[in-house]
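>>> pasted the sequence and its predicted model underneath.
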Amino acid sequence: MENPEGWKTKKKILAIFAHPDDAEFFCGGMIARWVDQGHCVSYCLLTKGQRGFHEKGMDLTTMAEIRVREQMAAGSVLGVTDIRFLEHLDGELVADIALREEIIQETRKQKPDIVVSCDPTNLFPAVNRINHPDHRAAGQAVIDAVFPAAGSPAYQFNDKLTATEAHQVEEMWLALTQQPNFEIVLTNYLEKRIRAILCHHSQVQATAEELLDKYLKPSLAREGTDAPAYCEKFLRIIFN
């Protein structure tokens, strides 16, 4: 079986992102592949996407309920059923010590081999696009929690952390990065990724055909070939 990661055992993988739909948009193909290969993937989402609406009359509580349902459906498409939501408000994430403590605690409880998040240094992910501040705050808080805090018994900021055993993560994978060092062709998983994205009905107006065209066209132009391919890129950090 294809194993570009070089892993010799099945891994426990924890994806920590800001919002429902981030995992599917940022690395849904890779998550589908990891699940297909027998790795154990779970999500920790720091908000419930409460502000993901534009229409008048919607409220934060109702939007949160909608987005949680959408996320559970999307995760199911990819094969992820272990999804935990923290109670932060969409649009208000700050990479402070309090958020770091929560992520340290989550990491120590779940003891993942691999932690996945997004690159906090990516301010402008594409032409005419600004990366959401929650994405950047989430990525920064995850990085700060994983190294050096989660793996060091010296980091015990409060009673909850004192009660948890330090856990050293093997690797961190950062999606939505401008400085990737790992790229993989995931064309065979694109259809599943698109089906998962489309579960987020409140956020996505495009059709499956439009999304397929969107994700294949850039790779076709970049590679200069008649055989379109879909790739996902990561900044992979291996802790020795």
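Nice, I can see it. Quantities reported herein were computed from a predicted structural model and do not represent experimental measurements.
>>> quick one, phi psi at the closest residue to residue 116 other than its chain neighbours?
Nearest residue to residue 116, sequence neighbours excluded (C-beta to C-beta, 6 or more residues apart in numbering): residue 15, at 4.2 Å. Using the backbone N, CA and C atoms, a C-beta is placed for each residue, glycine as well. Phi and psi for residue 15, reported as degrees, to the nearest 10, are phi -100, psi 120.
>>> the lowest-mean-pLDDT helix or strand in the chain: what's the following helix or strand?
Counting by mean pLDDT, DSSP states H and E, the chain has its least confident helix or strand at helix 159-162, which shows a mean of 69. For helix 159-162, the following helix or strand on the C-terminal side (DSSP states H and E) is strand 171-175.
>>> mind listing what the next helix or strand after that following strand pairs with, with the direction of each?
The helix or strand immediately downstream of strand 171-175 is strand 182-185, counting by DSSP H and E. Partner strands and pairing direction for strand 182-185 (DSSP bridges) are strand 231-238 (antiparallel).
>>> buried stuff in the partner strand?
When burial is assessed from 16 or more other C-beta atoms under 10 Å, strand 231-238 yields the following buried residues: 231, 232, 233, 234, 235, 237.
>>> who touches that strand?
Here strand 231-238 makes contact (C-beta atoms under 8 Å, 6 or more residues apart in numbering) with 27, 29-30, 119, 170-175, 177, 179-186, 219.
>>> of those residues, just the buried ones, ChimeraX syntax please.
Buried residues among the contacts of strand 231-238 (16+ other C-beta under 10 Å), as a ChimeraX selection:
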select :27,29,30,119,171,172,173,174,175,177,180,182,184,185,186,219
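>>> count of neighbours near residue 10?
Using other C-beta atoms under 10 Å, residue 10 is surrounded by 12 other residues.
>>> in which helix or strand does it reside?
Per DSSP H and E, there is no helix or strand for residue 10.
>>> my guess is it contacts residue 40, does it?
Yes - using C-beta atoms under 8 Å, residue 10 is in contact with residue 40, at 7.0 Å.
>>> before we move on, back to that, check contacts around the residue nearest to residue 116.
23, 27, 31, 41, 42, 43, 44, 115, 116, 117.
>>> show me the residues you listed that map onto strands.
Residues of these located in strands (DSSP state E): 41, 42, 43, 44, 115, 116, 117.
>>> and residue 70, how many neighbours?
Neighbours around residue 70, by other C-beta under 10 Å: 23.
>>> equivalent analysis for residue 144, please.
Here the count is done by other C-beta under 10 Å, and residue 144 has 19 residues near it.
>>> now residue 7
Using other C-beta under 10 Å, the number of residues around residue 7 comes to 15.
>>> OK, contacts around it?
Residue 7 makes contact with no residue, according to C-beta under 8 Å, 6+ apart.
>>> tell me the SS of it?
Following DSSP: H, G, I helix; E, B strand; the rest coil, we place residue 7 in the coil state.
>>> that one and residue 104, how far apart?
24 Å (C-beta to C-beta, to the nearest Å).
>>> go on, residue 16?
Using C-beta to C-beta, one gets 11 Å for the distance from residue 16 to residue 104.
>>> what's the answer for residue 86, then?
Distance of residue 86 to residue 104, computed by C-beta to C-beta: 13 Å.
>>> the two - which one has more neighbours?
Shown here are residue 86 and residue 104; by other C-beta under 10 Å, residue 104 has more neighbours (29 against 16).
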